[in-house]
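Q: okay, structure incoming, though there's no sequence with it:
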């Protein structure tokens with residue numbers, strides 16, 4: 001029985017077995033590198049190169065996020081010690097700014113909200129109202145209702161439009177019960193902290209966000 005000798009190689013995605021180069025295919029097997037089309041090899045190399053940069057950038061962003069949180073927490077601690085108070089916390093929205101007023105950091109803490117089964121009761125009552133009102137109902141109300149309950153994923157709703165329904169002044173008893181059901185359906189499941197960075201060229205200029213999101217860079 002012939003022994004299998006694996007050799008080290010500096011080529012990503014390539015395995016050397018008994019002196020021959022192979023590439024792993026998507027089925028879990030090995031293909032001799034000479035049998036792999038040039039465009040597939042080029043695509044493989046390009047993807048691996050981009051992924052390596054992405055992993056390095058991800059690690060940098062992770063370190064940046066940690067350093068930012070540590071630096072701001074240290075500043076909060078110093079200020080809190082000076083005035084004998086605790087800064088921040090679960091609801092601690094705050095803004096930090098340079099002395100010249102040209103750079104600032106905003107920290108916002110937002111509630112994570114889901115909706116309980118009462119929301120389905122609210123939808124049923126709202127549907128009854130819209131059916132009875134028919135042509136008499138304002139089209140903008142129907143539009144908000146459609147957007148609010150037009151779920152892209154099962155169990156999810158458009159939160160902003162659901163809250164928009166609560167602002168509508170409608171005297172129908174069923175509508176009021178529906179709004180009560182929506183309020184009862186609101187569940188605060190936690191919170192998430194957002195950190196945003198801004199700069200401007202002069203005190204008269206508008207603030208410009210410093211983009212960290214790759215999709216918006």
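A: Happy to help now that I have it. The model shown is predicted, which means the values in this text are computed figures rather than measured ones.
Q: burial count for residue 51?
A: 11 (other CB atoms under 10 Å). Using the backbone N, CA and C atoms, a C-beta is placed for each residue, glycine as well.
Q: wait, a helix at it?
A: Yes - if the criterion is DSSP: H, G, I helix; E, B strand; the rest coil, then residue 51 is within a helix.
Q: got a pLDDT number for it?
A: At residue 51, the model reports a pLDDT of 96.
Q: go on, the one 3 residues further on?
A: For residue 54, the model assigns a pLDDT of 93.
Q: list the buried residues for whichever helix or strand residue 15 is part of?
A: Take DSSP states H and E as the rule and residue 15 turns out to sit in strand 14-17. For strand 14-17, burial by neighbour count (16 or more other CB atoms under 10 Å) applies to residue 15.
Q: same check, this time on stretch 118-136
A: Buried residues in stretch 118-136 (16+ other CB under 10 Å): 118-119, 121-123, 125-126, 129.
Q: show me the strands in the chain, by range?
A: In the chain, the strands defined using DSSP state E lie at 6-7, 14-17, 20-24, 30-32, 94-97, 103-115, 186-199, 208-209.
Q: how about those strands in CSV, adding mean pLDDT and distance to residue 52?
A: Output for the strands of the chain, formatted as CSV (pLDDT from 0 to 100; distance: least, CB to CB, whole Å):
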stretch, mean pLDDT, distance to residue 52
strand 6-7, 62, 22
strand 14-17, 88, 15
strand 20-24, 91, 17
strand 30-32, 93, 22
strand 94-97, 94, 34
strand 103-115, 90, 30
strand 186-199, 90, 27
strand 208-209, 94, 28
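Q: residue 48 is nearest to which of those?
A: Counting by CB to CB, residue 48 lies closest to strand 14-17 out of the strands of the chain; the figure is 10.5 Å.
Q: adjacent strands (with direction) for that closest one?
A: Partners of strand 14-17 in the sheet, by DSSP bridges, are strand 6-7 (antiparallel), strand 20-24 (antiparallel).
Q: closest one to residue 14 among those strands?
A: Taking CB to CB, strand 20-24 is the member of these nearest to residue 14, at 5.4 Å.
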